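J.: need a 3D model of the sequence below.
(one chain, ligands or ions: 1)
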Amino acid sequence: MRKPMMAGNWKMNKTVAEAKELAQAIQAQVATVEAVDRVLCPPFVCLPAVQDVLANSSIAVGAQNMHWAASGAYTGEVSGEMLQGLAQYVIIGHSERRQYFGETDESVNQKVKAALAHGLIPIVCVGESLEQNEGGQTAAVVTLQVQDALDGVSAEQVQTLVIAYEPIWAIGTGKAATPQQANATCGVVRGVVAHMFDDAVAQATRVLYGGSTNDKNIADIMQQPEIDGALIGGAALKAESYCAMVQTTAQLYA
Ligand code: 13P
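T.: Predicted coordinates for the structure are as follows:
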């Protein structure tokens with residue numbers, strides 16, 4: 001049985017003071033909901049403050065990106081080594097990074113391997129564009145992205161990481177994939193893992209859905225067998241909606 005996960009990607013939102021406040025509000029409501037893995041991913045500069053708030057709780061912290069090198073002349077970048085002690089998870093290859101910052105399947109793969117080497121759990125993002133979706137290419141696109149992201153990763157490591165299927169057309173649009181669509185593509189992701197490794201590894205690997213999830217649609221999404229959780233954007237910026245999603249998921253899995 002895979003443990004469900006509600007991961008909040010705060011993107012480029014919240015000052016340090018606001019991040020602290022949001023983490024405190026979330027901590028007050030869902031600190032003890034152990035049936036669901038809760039992960040908060042604030043901007044880099046907010047990591048110490050959020051980590052501090054959550055220090056004695058089972059709510060985990062994640063970064064939104066990292067560089068693949070441990071250190072060096074990479075102005076403006078943050079390494080896996082620097083994240084140790086500040087984050088347990090790291091989002092890798094979000095479509096916004098692929099779209100606006102030139103990330104490729106190759107750099108995503110380098111980052112996944114670097115994260116694992118530094119003891120961080122990658123939340124690897126994949127997902128197709130609207131054009132690819134309408135062209136019937138969803139399964140093919142996602143298959144390639146997963147294959148490239150996991151190239152050279154061991155079977156033991158794959159079971160620890162998290163894959164998030166986020167169709168680009170559903171992100172921030174208010175137009176989530178239908179639960180059936182999301183389930184089908186999360187199933188494709190799991191099928192790729194089974195093909196690259198084996199069925200037992202695929203059954204142990206968590207696959208999240210992301211894209212316009214909220215406290216209204218999360219129950220239908222979480223009832224899908226291939227979906228193990230959500231990577232939440234907008235709805236994770238308010239304690240009320242994020243915590244409601246955690247509580248709904250906990251009730252479904254009770
Ligand atoms: P929204 O939930 O705002 O659509 O964002 C999804 C996302 O990109 C999470 O990484």
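
J.: now do the residue lying closest to Met196 once chain neighbours are set aside, the pLDDT please.
T.: Nearest residue to Met196, sequence neighbours excluded (C-beta to C-beta, 6 or more residues apart in numbering): Leu150, at 6.1 Å. Every C-beta, even on glycine, is put in place using the N, C-alpha and C of the backbone. pLDDT for Leu150: 98.

J.: Leu150 against Val108, yeah?
T.: No: judged on C-beta atoms under 8 Å, Leu150 makes no contact with Val108 at a distance of 9.8 Å.

J.: now for the two: what residues contact both?
T.: Residues touching both Leu150 and Val108 by C-beta atoms under 8 Å, 6 or more residues apart in numbering: Val124.

J.: what about Ala182, which helix or strand?
T.: With secondary structure defined by DSSP states H and E, Ala182 is part of helix 179-196.

J.: and that helix, what does it pack onto?
T.: Judged by 3 or more C-beta pairs under 8 Å, 6 or more residues apart in numbering; DSSP states H and E, helix 179-196 is in contact with helix 138-149, strand 162-165, helix 199-204, strand 206-210, helix 218-222.

J.: reformat those as TSV; add mean neighbour count and distance to Gly76.
T.: Formatted as TSV, those follow (neighbours: other C-beta atoms under 10 Å; distance: least, C-beta to C-beta, whole Å):
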stretch	mean neighbour count	distance to Gly76
helix 138-149	19	23
strand 162-165	28	25
helix 199-204	15	36
strand 206-210	27	26
helix 218-222	20	35
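
J.: which one of those lies closest to the ligand?
T.: Nearest to the ligand among those is strand 206-210; the distance by C-beta to the nearest ligand atom comes to 4.3 Å.

J.: avg pLDDT for that closest one?
T.: The pLDDT scores in strand 206-210 average 98.

J.: could you export it as CSV, CA atoms only?
T.: The C-alpha trace of strand 206-210 is given here as CSV (Å, rounded to 0.1, in the frame of the first residue of the first chain):
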residue,chain,number,x,y,z
ARG,A,206,4.4,6.9,-5.8
VAL,A,207,2.9,8.8,-8.6
LEU,A,208,1.2,12.1,-7.9
TYR,A,209,-1.1,14.2,-10.1
GLY,A,210,-0.8,18.0,-10.3
